[in-house]
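Student: Structure for the following, please:
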Amino acid sequence: MSDFKLDILAAGDCAFDLCSFGEVMLRFDPGFGRVRNARSFTVWEGGGEYNVARAFRKCWGKRSTVVTALPKNDLGWLVEDLMMQGGVDQSRVIWRDFDGLGRNTRVGLNFTEKGFGVRAALGCSDRGNSAASQIVPGETDWDRLFGQEGVRWLHTGGIFAALSEGTAQAVIEAVKAARRHGVIVSYDLNYRASLWKSQGGKPAAQKINREIAQYVDVMIGNEEDFTACLGFEVEGLDEHISEIDPTNFKKMIETACREFPNFKVAATTLRNAKTASINDWSAIVWAGGDFYTSIPRENLEIYDRVGGGDGFASGLIYALMEGLGPQTAVDYGAAHGALAMTTPGDTSMVRKEEVEAIIHGKGARVIR
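Tutor: Below is the predicted model of the structure:
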């Protein structure tokens, strides 16, 4: 086992192990049908940052809280109820008054198809004027949360930063406060061109993300994220990012870590989507100057790919927090991400024991 460890605040000195900062939406899932002609949907809660906090509580058994915003109406209360099932503390949720129509604030909606075979997964967002997109600096007392209550780890990401100028500045406020109080910060770049389009495109994404990156300890992102958000190029990257040479990607991570010496860990998932239902899946972690590669899973069968990256992030963070070393961290992350893609919805529905079982090669055997 590597002797690499992060300098993490003691659990006994903190009210929470992890705090996530981002939007929590309602996902409308048409099953294996299409959004465009669906007559019924299953509804889940989800959000890139929240998914990590939920898994931290439900899979890894840790204390987590979420900072987000919701409207005071039945949809907001539905999100609240779903989050209660996930066991995530909601004492820091910002509740906004509702005008009765949704002009002033609303719950963000995400209509998402799983895809199947040659038909790719598809997302259609409906999140304009959402409560979380209106978050601005000054709405959360980070010094109280981090300094008085105590948090060991802050997780946030580029999807939330892309929602508005206010959310971008609020993320910067949060990561600066975390640095002041010795809180480890992880950030999932999670580039979405559709979100940054109205915020100034790639130039704006790079300006904001490079400012945030100065305060990040654990940077997470795939090859497109690092190129679009931070401006680093990957040799041999094809236009559709279907395949990548890990050697060239490692060179890019080394370059990124030299430019941002505050990065203690950099991590990415590697996905080759042969079809929507069959993917090659693995992950790489850079820590302490060395690279660690997960167990590769070729021809992994995918039920619902949404949330696989968040599953990876939560497993990675858990193992790093427990001081299990980078190799265990990348294996926990990749295995949890693989399992998260075997169930519907954005959030993980597995237990730690199941993650450890597939790491040890038990696969689909019955666990008693």
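Student: Determine the set of other helices and strands touching the helix or strand bottoming out on mean pLDDT in the chain.
Tutor: Sorted by mean pLDDT, DSSP states H and E, the helices and strands of the chain end with helix 246-259, the least confident at a mean of 84. If contacts are counted by 3 or more C-beta pairs under 8 Å, 6 or more residues apart in numbering; DSSP states H and E, helix 246-259 sits against helix 223-230, strand 265-273, strand 278-287, strand 290-293. Glycine gets a C-beta too; all of them are placed from N, C-alpha and C.
Student: Now find how far off-centre that helix is within its chain.
Tutor: Its chain's average C-alpha position is 21 Å from that of helix 246-259, according to C-alpha atoms, centre = their mean, to the nearest Å.
Student: so which of the helices and strands packed on helix 246-259 gets nearest G46?
Tutor: Using C-beta to C-beta as the criterion, the shortest distance between G46 and those is 17.7 Å, found for strand 265-273.
Student: quick one: the closest one to strand 278-287, angle?
Tutor: In this structure, strand 265-273 runs at an angle of 170 degrees to strand 278-287, with axes from the mean of the first three to the mean of the last three C-alpha atoms, to 10 degrees as the basis.
Student: pLDDT (mean, whole number) over strand 265-273?
Tutor: Per-region confidence: strand 265-273 scores 93 on mean pLDDT.
Student: how long is stretch 264-284 end to end?
Tutor: Distances were taken as C-alpha to C-alpha, to the nearest Å; on that basis the terminal residues of stretch 264-284 are 14 Å apart.
Student: pLDDT wise, what is W77 at?
Tutor: At W77, the pLDDT value in this model is 98.
Student: residues of the one helix or strand it maps to that come out buried?
Tutor: Under the criterion of DSSP states H and E, W77 resides in helix 74-85. Of the residues in helix 74-85, those with enough neighbours to count as buried (16 or more other C-beta atoms under 10 Å) are L75, G76, V79, L82, M83.
Student: Using CSV, lay out those together with distance to F260.
Tutor: Formatted as CSV, the entries for the buried residues of helix 74-85 read as follows, by distance: C-beta to C-beta, whole Å:
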residue, distance to F260
L75, 39
G76, 37
V79, 34
L82, 36
M83, 33
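Student: of those, closest to D346?
Tutor: Closest approach between those and D346, by C-beta to C-beta: L82, at 10.8 Å.
Student: thinking again about what came up before, kindly report which one of the helices and strands packed on helix 246-259 carries the lowest mean pLDDT.
Tutor: Per-segment mean pLDDT for those reaches its minimum on helix 223-230, at a mean of 88.
Student: angle of the helix or strand containing F111 against helix 74-85?
Tutor: Secondary-structure assignment from DSSP H and E places F111 in strand 109-113. Angular relation of strand 109-113 and helix 74-85 on a 0 to 180 degree scale: 70 degrees, by the same axes, to 10 degrees.
Student: Please list the residues outside strand 109-113 that contact it.
Tutor: The set of residues that contact strand 109-113 without belonging to it, under C-beta atoms under 8 Å, 6 or more residues apart in numbering, is 25-30, 33-35, 41, 46, 119, 121-127, 306.
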